[in-house]
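Colleague: I'll drop the sequence and a predicted model, then ask my questions.
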Amino acid sequence: MVFKKLLGAFGVGGPTVDTVLATPSVQPGGLIQGQVNLVGGTQEAKISGITLTLVARVEIEHSEGESDGLASFARYSVSPPLILAAGERCSVPFAVPAPYETPVTSVAGQHLHGMSLGVRTEVEISGARDKGDVDPLGVEPLPLQRQVLEAFAALGFRFHSADLESGHIRGTGQSLPFYQEIEYLAGPQYAHLFKALELTFLAAADRVEVVLELDRRSSDVINHHVLDRSSAGQDLTAVVDGWIQQALAHGGHGHGSHGHGSGGALLAGAAVGVVGGLVLEEIMDEVVEEAFEEIFED
């Protein structure tokens, strides 16, 4: 679905923008490609630049509970200054990378309820900036991520929900100011030991970090693991089962293992903790909010 909005910041008769994604779905680290189509208004416009911003709806905890806001996590300038004549049509092609830590929004074409990501187009004319065009972005998992998700499914775990949490997971290579939590209800063989499990992926070019948090009745159990490219294409069901067994055996904040979980501790104290905060935009842009609601709300 494409949103075409009048650039209200420039008044009646101003130019319009319509961003079309040639790749409405990508993988982390992949290229987001498309073009920004501009149509001149009733008079000439001097465009200082066009910026694409990747945005996501993120939950943040505070003293009064939880609320959500819009977080931008990557910005790309895709056009030099240009002059758009009255009524002129202009297309600006682009190809920008999705960060490797970009959260997954769908698996096998099925949208993960609770995930809202988009590409926002900002056009600046004579010092005025308009954020008037937002397009939804789908993100499918990397092969290693997909293999881990398939392993949980094979073990009888059932997807429950997904969201983005502000903060940082200590002891990891996390670079974005938020992280994704994918929650599964425990498989039948584990239901008597814990109720649910939260999974976080922190991907990089050569590896995928996996943080597991088991929701036990007495306390949470957290383990950290790393898969490198050598694991690609392999059935990870036994590996993931081993991770869970290891977490249950430790019964507390666990260390990590490398590759298939057979190595020693990767990081000491790989416990999950939220430190610092995420500065969210104080007021979610109405255009972005309406777009997200129309796209992602059931």
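Modeller: Noted; the coordinates are in hand.
Colleague: from the contact counts, what lies against whichever helix in the chain runs longest?
Modeller: In the chain, ranked by residue count with DSSP state H as the criterion, the top helix is helix 237-250. Where contact means 3 or more CB pairs under 8 Å, 6 or more residues apart in numbering; DSSP states H and E, helix 237-250 is packed against helix 143-154, strand 207-215, strand 220-228. (C-beta placed from N, C-alpha, C; glycine too.)
Colleague: lowest average confidence across these, which one?
Modeller: For these, mean pLDDT drops lowest on strand 220-228, to a mean of 88.
Colleague: break this protein into its domains for me.
Modeller: 5-140, 143-258 (automatic domain parsing).
Colleague: how about the helices and strands packed on helix 237-250 in CSV, adding distance to I182 and mean neighbour count?
Modeller: Formatted as CSV, the helices and strands packed on helix 237-250 follow (distance: least, CB to CB, whole Å; neighbours: other CB atoms under 10 Å):
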stretch, distance to I182, mean neighbour count
helix 143-154, 8, 19
strand 207-215, 10, 22
strand 220-228, 15, 22
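Colleague: of the ones you listed, which is nearest T172?
Modeller: strand 207-215 (5.5 Å; CB to CB).
Colleague: and that closest one, which strands flank it?
Modeller: In the sheet, strand 207-215 lines up against strand 196-203 (antiparallel), strand 220-228 (antiparallel) (DSSP bridges).
Colleague: contact partners of it?
Modeller: Strand 207-215 is contacted from outside by 142, 144-145, 148, 169, 172-173, 181, 194-203, 220-229, 243-244, 247-248, 270, 272, using CB atoms under 8 Å, 6 or more residues apart in numbering.
Colleague: then stretch 142-157?
Modeller: Stretch 142-157 has contacts (CB under 8 Å, 6+ apart) with 27-29, 104, 107, 140-141, 182, 184-190, 197, 199, 201, 203, 208, 210, 227, 229, 231-237, 239-241, 244.
Colleague: identify the residue nearest D163 in space, chain neighbours excluded?
Modeller: G114 (4.9 Å; CB to CB, 6 or more residues apart in numbering).
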